[in-house]
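J.: requesting a structural model of the entry that follows:
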Amino acid sequence: MKLNLGNQIRLNRRRMNLTQEQLAEKFGTSPQAISRWEIGATYPDIEMLPMIASFFETSVDALLGVTEEEKGKFCAELQQSFEVAVRAKDVQKAIEIMREIRRNLKEYQHYWFWGLYTEIWKVRLFRDEKVLEEMRLLAEEIFSVCPKEQHYQVIECMSYMEDDEHIDAFLDAYASREDMARSSLLFRRYKMREELDKIEPVRQGILWWELSHIISAANDWQVYLCKDPNHFIWFCETQLGYLNAVNNLSPDKKHLISGGTGADLWCEERIQLGIRYTASFAKLGKMDEAYDAFEDTIRVI
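T.: Residues are numbered from 1 along each chain as shown. Down below sits the predicted model:
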């Protein structure tokens, strides 16, 4: 990218009615250094750019005089270089590019290359501690400058990459909404990392939550019952069918509520549905069916 840093420093200095000597004092350098910056003979250290931009109340991009077109081209080139480095498993080069992005492109929204995470994943470079540390810093930068709705993909990707020692602390800090819940993130983490020995308890938890959500969807069940008991019988049978299918059970109709096995993980949901099922038959005057449903509910208890 063509830099217009010197000209921008001069324009901003004059805008603030400062001499080169005064500006040098602010930045802890010499008037001669300021002069060389302004004529383009030398440039300030890259670490100073955020401080200089902050002092002039502008962005680093504006300070560099970089156009949107130039930034887009530079970012595309940087991403391509990153992909080459990752495929070559060049750890040091990958880290240098991530560091360049984190330090100098934070004002450019398109710089948050979601592809960075994808490329690292392809060769598992995130298992390298130095790469992982740079990814943590990059994620923190995203969280600090990007709107919250742009955090979720980074949270998901970091939940794959973070090591076992730090994953609990990361999830405590960032797991939040339903699809970013701790259990969901852990499930996808174990699946992506092929850690099948860890996935089963999480899978059961997610399944339990999802089915409970389906089963309890009709909170005003008494209202539905009063309006149409036949429909409510169908509703209960459908929900019980979900429970039995997921547990590989094929009970006869007399044991639809208990599944024919007695108590299981879903005993609370089975009891709730059993009571509704019993009440539906009683509402229709089908007392034999109501007694059978109630007896099967008691079997669960």
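
J.: quick one, strands of the stretch 201-301 of the chain?
T.: Shown for the stretch 201-301 of the chain, no strands are assigned by DSSP state E, counting those that start in this stretch.

J.: quick one: the helices in it, in order.
T.: 221-227, 229-246, 267-283, 287-300 (DSSP state H, counting those that start in this stretch).

J.: residue contacts, R203?
T.: Contact partners of R203, counting by C-beta atoms under 8 Å, 6 or more residues apart in numbering, are F187. Backbone N, C-alpha and C define where each C-beta goes, glycine included.

J.: just the pLDDT at it, thanks.
T.: Turning to R203, the model gives it a pLDDT of 72.

J.: identify, out of the helices of the stretch 201-301 of the chain, the most deeply packed stretch.
T.: For the helices of the stretch 201-301 of the chain, the largest average neighbour count (mean count of other C-beta atoms under 10 Å) is found in helix 267-283, namely a mean of 20.

J.: I301 reaches I271, doesn't it?
T.: Yes: counting by C-beta atoms under 8 Å, I301 does reach I271; the two are 6.4 Å apart.

J.: was I right to think M135 contacts L125?
T.: No: counting by C-beta under 8 Å, M135 sits too far from L125 to count as a contact (9.3 Å).

J.: so the two - more neighbours on which side?
T.: M135 (25 against 21; other C-beta atoms under 10 Å).

J.: domains in this protein, by residue range?
T.: Using automatic domain parsing, the domain ranges for the chain come out as 5-64, 68-194, 215-300.

J.: by mean pLDDT, show me the worst of the ones you listed.
T.: Looking over the domains of the chain, mean pLDDT reaches its minimum on domain 68-194, with a mean of 79.

J.: next one: it to chain centre, how far?
T.: A distance of 11 Å separates the centroid of the chain from that of domain 68-194, by C-alpha atoms, centre = their mean, to the nearest Å.

J.: could you name the helices and strands sitting against the helix or strand hosting Q32?
T.: In this assignment (DSSP states H and E), Q32 forms part of helix 31-39. In terms of contacts (3 or more C-beta pairs under 8 Å, 6 or more residues apart in numbering; DSSP states H and E), helix 31-39 is packed against helix 5-15, helix 20-27.

J.: which strands and helices lie in contact with the helix or strand where E77 lies?
T.: Element membership of E77, judged by DSSP H and E, is helix 68-87. Applying 3+ C-beta pairs under 8 Å, 6+ apart, we find helix 68-87 packed against helix 91-104, helix 114-122.

J.: which helix or strand lies directly C-terminal to the shortest one?
T.: Where DSSP H and E defines the elements, the next helix or strand beyond helix 114-122 is helix 129-145.

J.: now for that following helix, which elements pack on it?
T.: Here helix 129-145 touches helix 91-104, helix 114-122, helix 152-161, going by 3+ C-beta pairs under 8 Å, 6+ apart.
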